[in-house]
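Q: Curious how this folds, go ahead:
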Amino acid sequence: MPERTAVVLAGGRSTRFGEGDKAVADLAGTPMIRRVIDRIAPVVDAVVVNCRAAQVPAIREAVDGAAVPVTFAEDEYPDEGPMAGMATGLRAVESEYAFVVACDMPLVEAEFVDYLFERAAGHDAAVPRPDQWFETTHAVYRAAAMADACEAALEAGKNRIVAPLFDLDFVVLDADEVHEHGHPRTFENCNTKTDFEDAARRLES
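A: Numbering: from 1, shown residues only. Next up, the predicted model:
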């Protein structure tokens, strides 16, 4: 059984990206989701990709040969948002703890992820808050507890991605702790073609 798993959320519709699925779009010669998995592979034992059924073939091809085993948790109810995707992905996790990350964070830092797992130990979650916002899709959760909390929030009609946190025993990494153990670029999203171009320049340099 893996000790640490990553859940990569890839079920969005890429509306700001234009044509195509940004998860498998080329980023400096590599599909973006593969870049995310390659960057976190040193600190996890397995990866679960949450996505729509129609995305599986292209993502499977993109992640073929990854350094860690990759499985899929398909959305039973597509387009219900990241909280539903998170619950689906976490239900497929075999380890106690899992790192949840959006597929559009190609600058994610393995060292910081490793630190998040350390901070989460003995709690239900470790969630960064580098500014006024919780980075809920770049956090470590006790998988079963967060899945339960997501499902309860959805049933109660609470759609804000932070809603499940308040049913958990979670620790917050504030700006000082984030800067001490990581870099703000780990949270950066690539949503548009311009974002891809900017990230590609930095990755190639």
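Q: The nearest residue to Val127 once chain neighbours are set aside bridge partners, please.
A: Nearest residue to Val127, sequence neighbours excluded (C-beta to C-beta, 6 or more residues apart in numbering): Ala139, at 4.2 Å. C-beta: built from backbone N, CA, C; applies to glycine. On the basis of DSSP bridges, Ala139 is bridged to Val100.
Q: residues in contact with Ala139?
A: Phe99, Val100, Leu116, Ala125, Ala126, Val127, Pro128 (C-beta atoms under 8 Å, 6 or more residues apart in numbering).
Q: And these, which of them are buried?
A: Among the contacts of Ala139, the ones that count as buried by 16 or more other C-beta atoms under 10 Å are Phe99, Val100, Leu116, Ala125, Ala126, Val127, Pro128.
Q: tell me the contacts of the third one?
A: This points to Leu116. So Leu116 contacts Phe99, Ala126, Pro128, Ala139, Val140, Leu173 (C-beta under 8 Å, 6+ apart).
Q: make it 10 Å
A: Each residue near Leu116 by C-beta atoms under 10 Å, 6 or more residues apart in numbering is listed here: 43, 97, 99, 125-128, 135, 138-141, 171, 173, 181-182.
Q: ok, now the fourth one?
A: For Ala125, the contacting residues are 97, 100, 116, 119, 134, 136, 139-142, 145-146, 149, 164-165, 168-172, taking C-beta under 10 Å, 6+ apart as the criterion.
Q: Could you find the closest non-adjacent residue to it?
A: Of all residues not flanking Ala125 in the chain, Phe170 sits nearest, at 3.8 Å (C-beta to C-beta, 6+ apart).
Q: All set, thanks.
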